[in-house]
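>>> coords please:
(chains A, B, C and D)
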There are 2 protein chains.
Amino acid sequence: MKHTYEYPRAALTVDCVVFGFDGGALQVLLIRRGLAPFKDHWALPGGFVRVEETLDDAARRELQEETGLKDLFLEQLYTFGSVNRDPRERVVSVAYYALTKPADHTTAASTDAAEARWFPVTDIPPLAFDHAEIFATALARLRGKLTYQPIGFELLPPKFTLTQLQRLYESVLGTEIDKRNFRKKVLSYDLLIPLKEQHREGAHRPAQLFRFDPVKYERLKKKGFLFEI
Amino acid sequence: MKHTYEYPRAALTVDCVVFGFDGGALQVLLIRRGLAPFKDHWALPGGFVRVEETLDDAARRELQEETGLKDLFLEQLYTFGSVNRDPRERVVSVAYYALTKPADHTTAASTDAAEARWFPVTDIPPLAFDHAEIFATALARLRGKLTYQPIGFELLPPKFTLTQLQRLYESVLGTEIDKRNFRKKVLSYDLLIPLKEQHREGAHRPAQLFRFDPVKYERLKKKGFLFEI
DNA sequence: TTGACTTCGTGTTAAAATTACACATTACTT
DNA sequence: AAGTAATGTGTAATTTTAACACGAAGTCAA
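This next block holds a predicted model:
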């Protein structure tokens, strides 16, 4: 079936920058393109927006189709509209960034069609289209956002230790943080709930596990809350 | 001439939230629609993106066509993609926000076709489409941005007094600020250049005029500079 | 069982930033 | 010359941030 319009129209796509944290380094999920253009290049997961779905829906649908990931933290990033970003025709892409918890990672591994792989953000391969620019924008946004909204929890498992949270902040922001000051600050927000469990690993003292309180999180977000580590 | 595609495509538009400051209150520029749908309703200036122009270009072009404004501070805001935001067909709109200096205002008044008018942001009429939501998003962004980037100058004339700058911050943020602390803080950034002129008005002591240093401004922006009043 | 090893968990002090607060100055007006 | 109105300026108290070290708790191996 053909669709005809009075004036030429750009194609509309979504592209997603999916971040993950493996405990050591911040990672980004890329897929290998099976088709031209940029066949066999790595690219951000994404695809065309259907005319009867919202942009958010399109992003979630494409993510699930291409990587198997669902139910993750997803926010619109920026819309990229250079005239020649796609060699075939005019394509405008609404970019999103997403944060995944480690439990989701395995799901992502068990993806079907296209090859999907995690890359450390410090070492990503050349990307198709203008995806390098999109990625850079997303990383900058994540860095900025992390310092004034407590979204870091979205990258950790539901139960985590303060050291894990600190490692996350350190690897996203690329800085070292004083342990005592970090704990003091984080706990002062009264956002973390200590669990009765401990995390045992290796030949050393076990660590207290925490989960974060989504109710207080929502309340703070509404106040235009600044998190600042 | 007709244009035909394999799948249906959304129409792509830009909409602009133009802020101005008249010394007292923050204003937004609206135009009255001459055509259906929402004929005679107030709406944000905007229009269709041409297939051979970037999104930024489209926003600037529409602004000039509909309001006469050009060369203003313009940044992409968010892309609105609800399925039924336009009753005619699927329309995705890339929203921008813009800041104008008072000198531009007169230009805006002398617009041609559609009626254009400034409204105080605290008292805007019902808007067409989902423009109320776009406006609210823009105002929130401006408030947020003002507290960590020195974009306030974009709303003032090239020469301004510290009191004018303070009034601007107060009316955008909706708070009162201590005069001495405000001056101390603003001057400490070393971003303002005192002029040899003074601003005389009314039966009282004249005020020192300043301009802001665009070179230092750019340098600070690159550092991921926080302005925070 | 004992000692070595490794990460966890905690408090104080100095420095810096923020907040609160009041009055003399300067020009215009009458 | 006196009245009026906004400008311009400093200090002290409080809060926040930054720097810094060591005992506690568990595992492992001898």
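>>> quick one, strands of chain A?
Listed in chain order, the strands found in chain A under DSSP state E are A:3-5, A:11-21, A:26-32, A:42-43, A:46-48, A:73-80, A:91-99, A:116-120, A:192-199, A:207-212.
>>> if we look at the third one, which residues are touching it?
Here strand A:26-32 makes contact (Cβ atoms under 8 Å, 6 or more residues apart in numbering or on different chains) with A:17-21, A:40-45, A:66-67, A:69, A:100, A:108, A:114-121, A:124-125, A:127, A:135, A:168, A:171-172. No exception for glycine: its C-beta is placed from N, CA and C like everyone else's.
>>> for chain A, which segments count as helices?
Defined through DSSP state H, the helices belonging to chain A, from first to last, are A:55-67, A:102-109, A:131-146, A:162-173, A:179-188, A:214-222.
>>> could you count how many residues lie near the residue of chain A found nearest DNA strand D?
With distances taken as Cβ to the nearest atom of the strand, chain A approaches DNA strand D most closely at A:R205, which sits 3.0 Å away. Neighbourhood size, A:R205 [other Cβ atoms under 10 Å in any protein chain shown]: 7.
>>> how about the strands of chain A, which one is nearest DNA strand C?
For these, the distance to DNA strand C is smallest for strand A:207-212, at 3.1 Å, taking Cβ to the nearest atom of the strand.
>>> could I have the closest one exported to PDB, CA atoms only?
Output for strand A:207-212, consisting of C-alpha atoms alone and laid out as PDB, is shown next (Å, rounded to 0.1, in the frame of the first residue of the first chain):
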ATOM      1  CA  ALA A 207      28.700  -5.100  53.300                       C
ATOM      2  CA  GLN A 208      25.300  -3.800  54.300                       C
ATOM      3  CA  LEU A 209      22.700  -4.100  51.500                       C
ATOM      4  CA  PHE A 210      20.300  -1.200  50.700                       C
ATOM      5  CA  ARG A 211      17.400  -0.600  48.400                       C
ATOM      6  CA  PHE A 212      16.100   2.800  47.400                       C
END
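>>> so, low pLDDT: which residues of chain A?
Using pLDDT under 70 as the threshold, the predicted model of chain A has low-confidence ranges A:106-114, A:224.
>>> from the contacts of strand A:26-32, list just the buried residues.
A:17-21, A:41-45, A:66-67, A:69, A:100, A:108, A:114, A:116, A:118, A:121, A:124, A:127, A:135, A:168, A:171-172 (16 or more other Cβ atoms under 10 Å in any protein chain shown).
>>> up against chain B, what does chain A have?
If contacts are counted using Cβ under 8 Å from any Cβ of the partner chain, the residues of chain A sitting beside chain B are A:2-12, A:48-56, A:76, A:78-79, A:81-83, A:90, A:92, A:94, A:144, A:224.
>>> most tightly packed of the helices of chain A?
Among the helices of chain A, judged by mean count of other Cβ atoms under 10 Å in any protein chain shown, the one packed with the most neighbours on average is helix A:55-67 (a mean of 20).
>>> got the helices of chain A as JSON lines, with distance to B:D190 columns?
What follows is those, written out as JSON lines (distance: least, Cβ to Cβ, whole Å):
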{"stretch": "helix A:55-67", "distance to B:D190": "42"}
{"stretch": "helix A:102-109", "distance to B:D190": "45"}
{"stretch": "helix A:131-146", "distance to B:D190": "24"}
{"stretch": "helix A:162-173", "distance to B:D190": "26"}
{"stretch": "helix A:179-188", "distance to B:D190": "29"}
{"stretch": "helix A:214-222", "distance to B:D190": "34"}
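>>> turn these into CSV, including distance to DNA strand D.
Output for those, formatted as CSV (distance: least, Cβ to the nearest atom of the strand, whole Å):
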stretch, distance to DNA strand D
helix A:55-67, 34
helix A:102-109, 22
helix A:131-146, 15
helix A:162-173, 12
helix A:179-188, 4
helix A:214-222, 15
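>>> for B:P150, which of those helices is the nearest?
With Cβ to Cβ as the measure, helix A:131-146 is the member of those nearest B:P150 (16.3 Å).
>>> tell me what angle that closest one forms with strand A:116-120.
Between helix A:131-146 and strand A:116-120, the angle comes out at 60 degrees (axes from the mean of the first three to the mean of the last three Cα atoms, to 10 degrees).
>>> count the neighbours of A:K159 for me.
Around A:K159 there are 13 residues (other Cβ under 10 Å).
>>> for the closest residue to it other than its chain neighbours, give me its contacts.
For A:K159, ignoring the flanking residues on the chain, the nearest one in space by Cβ to Cβ, 6 or more residues apart in numbering or on different chains is A:L209 at 4.6 Å. Neighbouring residues of A:L209 by Cβ under 8 Å, 6+ apart: A:K159, A:F160, A:T161, A:P194, A:L195, A:E197, A:Q198, A:H199.
>>> from what I can see the fourth one touches A:D213, true?
Yep, that's A:P194 we're talking about. No. The criterion here is Cβ atoms under 8 Å, and A:P194 misses it with A:D213 at 11.1 Å.
>>> neighbour count: these two, which is higher?
Shown here are A:P194 and A:D213; by other Cβ under 10 Å, A:D213 has more neighbours (16 against 11).
>>> pretty sure that one is touching A:L191, no?
Yes. The pair A:D213 and A:L191 qualifies as a contact (Cβ under 8 Å) at a distance of 5.7 Å.
>>> and the closest residue to DNA strand C within chain A, its phi and psi?
Ranking the residues of chain A by distance to DNA strand C (Cβ to the nearest atom of the strand) places A:H204 first, at 2.6 Å. Comment: the main-chain dihedrals of A:H204 come out as phi -160, psi 180, following degrees, to the nearest 10.
>>> and it, what is it in contact with?
Residues in contact with A:H204 (Cβ under 8 Å, 6+ apart): none are found.
>>> and the strands of chain A as TSV, adding distance to DNA strand C?
Output for those, formatted as TSV (distance: least, Cβ to the nearest atom of the strand, whole Å):
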stretch	distance to DNA strand C
strand A:3-5	53
strand A:11-21	15
strand A:26-32	19
strand A:42-43	33
strand A:46-48	37
strand A:73-80	25
strand A:91-99	22
strand A:116-120	20
strand A:192-199	7
strand A:207-212	3
